[in-house]
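Asker: Sequence and predicted structure, then a few things I'm wondering about:
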Amino acid sequence: MECIIPRLVSSKFSQRVEEEKIYRRLCRKVYSTLPRELRDIVYSYVLLEDINRVVEVSAIRPTPTQIIECFDDFEEPEAQFWDERRLGKGMKRELAETWYRSCHFNICGPFHMLERFLVEDRWSTGLIPQEFVSNVHISVSQEDKDVECLLKLLDLKPKAKISIYLYRKGWMTRTKVLSASDFFLQLLKQIFPVLHQLRVEKRPFTLILDPPKRTTRKSFASGAHRTTIIRNKDCYHIPTAECMDFTPKGILTAVSLSYFQSRDFDA
């Protein structure tokens, strides 16, 4: 028995070494032989579980070097997919580019971390994320005081899709009650400098309100709820492109009157 165990360990080690060699040869072959268009298809297959994934950018970081914190149902891609020793630097960078292009990034206040997110690569490949991020979802509540930081959205590539979700945070925290229209007017005034600049720069953006039905008791901290909103289900889109009067009041007039029926919020 004492003789068998070392042989088994040696055999498994040799097998693992051989598998690593095959993996590295395969990656080198794919990277050197296939054109970029076909390599991108391969990367999409490798990252299949992450395509259209909703990823949260958080000021509260899991480690000092990370600013991306994932939703409850998010699992990190398998480590082997990001092992530079296997992939090589070039392939790992291209894989990271595909990841940034494919994910939907949700950003909640405070927004001071936005600048860092746009320039620091989660995967340490040396790329600049803002050059590849294609989908950003901003969630703004009445408690956010640093919305001017959102002007950094202008550093994204021109065709990046930006959606801004206006929502009410908290429940019955104060005694003053506002009509839904007055509440969202206040919120629009708060975020308007950013909206105005996005429009001036002709950046595509979507403005979203809470779902038309009374769902304000539902916790926005719920990953499933936020994912539903971010994927534009059961929510109200303001047709900002049709606003001739692009002011907070003008934007609000574009909202259907039926949206505000039987809705009110505490200030």
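Answerer: Perfect, thanks for sending it.

Asker: just so I have it, where are all the helices in the chain?
Answerer: 4-33, 36-46, 84-87, 89-102, 114-119, 180-200, 223-230, 248-253 (DSSP state H).

Asker: So what's the model's average confidence on stretch 201-214?
Answerer: For stretch 201-214, mean pLDDT rounds to 77.

Asker: Just the buried positions in it, please.
Answerer: Judged by neighbour count using 16 or more other CB atoms under 10 Å, the buried positions of stretch 201-214 are Arg203, Phe205, Thr206, Leu207, Ile208, Leu209, Asp210, Pro211. Backbone N, C-alpha and C define where each C-beta goes, glycine included.

Asker: re the thing from before, closest one to Cys149 among the helices of the chain?
Answerer: Among the helices of the chain, the nearest to Cys149 by CB to CB is helix 114-119 (5.5 Å).

Asker: Which residues outside the closest one are in contact with it?
Answerer: If you take CB atoms under 8 Å, 6 or more residues apart in numbering as the criterion, helix 114-119 is touched by 57, 67-68, 105, 107, 128-130, 133, 149-150, 152-153, 155-156.

Asker: Could you tell me which residues within that helix count as buried?
Answerer: Leu114, Phe117, Leu118.

Asker: Show me where the stretch 151-267 of the chain dips below the pLDDT cut-off.
Answerer: Scanning the stretch 151-267 of the chain for pLDDT under 70 picks out 170-178, 211-235, 256-267.

Asker: on that earlier part again, sort the contacts of helix 114-119 by pLDDT and name the bottom one.
Answerer: Per-residue pLDDT puts Ile67 lowest of the contacts of helix 114-119, at 42.

Asker: hmm, back to that, closest to Leu166 out of the contacts of helix 114-119?
Answerer: Leu150 (12.5 Å).

Asker: so who does the closest one touch?
Answerer: Phe111, Leu114, Ile138, Val140, Ile191, Val194.

Asker: switch to 10 Å and redo it
Answerer: 107, 109, 111, 114, 136, 138, 140, 144, 162, 164, 191, 193-195, 197-198 (CB atoms under 10 Å, 6 or more residues apart in numbering).

Asker: Please apply the same query to Asp146.
Answerer: Neighbouring residues of Asp146 by CB under 10 Å, 6+ apart: Gly109, Pro110, Phe111, His112, Leu114.

Asker: okay, the helices of the chain in CSV with distance to Lys169 next?
Answerer: Below are the helices of the chain laid out as CSV (distance: least, CB to CB, whole Å):
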stretch, distance to Lys169
helix 4-33, 46
helix 36-46, 36
helix 84-87, 41
helix 89-102, 28
helix 114-119, 18
helix 180-200, 10
helix 223-230, 13
helix 248-253, 19
